[in-house]
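# Here you go, sequence then predicted model.
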Amino acid sequence: MKCYPTVISFSKQMEMKGIHHSHVTLSILINCFCHLSQMTFAFSIFGKIFKLGYHPNVVTLTTLMRGLCTNGEVRKALNFHDKMVAQGFRFDEVCYGTLIRGLCDIGETKAAIQLLGIIEARSTKYSPSIQIWTCK
C-alpha cells in the first residue's frame, strides 16, 4: 500500500514534537513528494538536506531524477544530473537506467543511445545490464 500522504503527515508530527530529521528521513520525504508529483516540495526537502549539513547520496539524487522523469521533465533530470556530476557526484547503473528509460519514454531513443555511449566511454568498470538495454 502506498501511503505517501501518511508519511508526510508523520514527518510534520515529528517536527512538531521536536524530533529532528536525518538524511534518511529527508530522503524518504523526497521519495514521497516525487510519487505525489510534487517536485517543488521534493527539491525543497533536497535544499533542507544541505541546510542541515547533510550530503545527498546517489539514492537521493536518483530519486529526484526519477521523479522528474516520471513527471515528464526528462530534460530537467538530465540537467540536474549534469550539475551534480560537475559538483563531483558519481552515479551508478540505476541512475543511468532511470535517465535512459526517461528518454525512451518520451521517444528520444537516439538521445538514450548517445547517453549509453557516453556512459560506456567514461567508465571502464561500467557494463550496462539487460535492464538498461531494454529500458525496463
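Now that the structure is in, tell me what you want to look at.

# Now name the helix or strand holding the residue nearest to Arg66 when sequence neighbours are not counted.
In space, and not counting its chain neighbours, Arg66 is closest to Thr98: 4.8 Å by CB to CB, 6 or more residues apart in numbering. (Each C-beta comes from the backbone N, C-alpha and C, glycine too.) Secondary structure assigned from DSSP states H and E places Thr98 in helix 93-105.

# Using PDB, list the CA coordinates for that helix.
Only the C-alpha atoms of helix 93-105 are listed here, as PDB (Å, rounded to 0.1, in the frame of the first residue of the first chain):
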ATOM      1  CA  GLU A  93      23.700   1.900 -13.200                       C
ATOM      2  CA  VAL A  94      20.300   2.600 -11.500                       C
ATOM      3  CA  CYS A  95      20.700   6.300 -12.100                       C
ATOM      4  CA  TYR A  96      21.700   5.900 -15.700                       C
ATOM      5  CA  GLY A  97      19.000   3.400 -16.300                       C
ATOM      6  CA  THR A  98      16.500   5.900 -14.900                       C
ATOM      7  CA  LEU A  99      17.700   8.600 -17.400                       C
ATOM      8  CA  ILE A 100      17.800   6.200 -20.300                       C
ATOM      9  CA  ARG A 101      14.300   5.000 -19.500                       C
ATOM     10  CA  GLY A 102      13.100   8.500 -19.200                       C
ATOM     11  CA  LEU A 103      14.500   9.300 -22.700                       C
ATOM     12  CA  CYS A 104      12.900   6.200 -24.200                       C
ATOM     13  CA  ASP A 105       9.600   7.000 -22.600                       C
END
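
# so after it, what's the next helix or strand?
helix 109-122.

# Mind giving me the packing neighbours of that next one?
Judged by 3 or more CB pairs under 8 Å, 6 or more residues apart in numbering; DSSP states H and E, helix 109-122 is in contact with helix 93-105.
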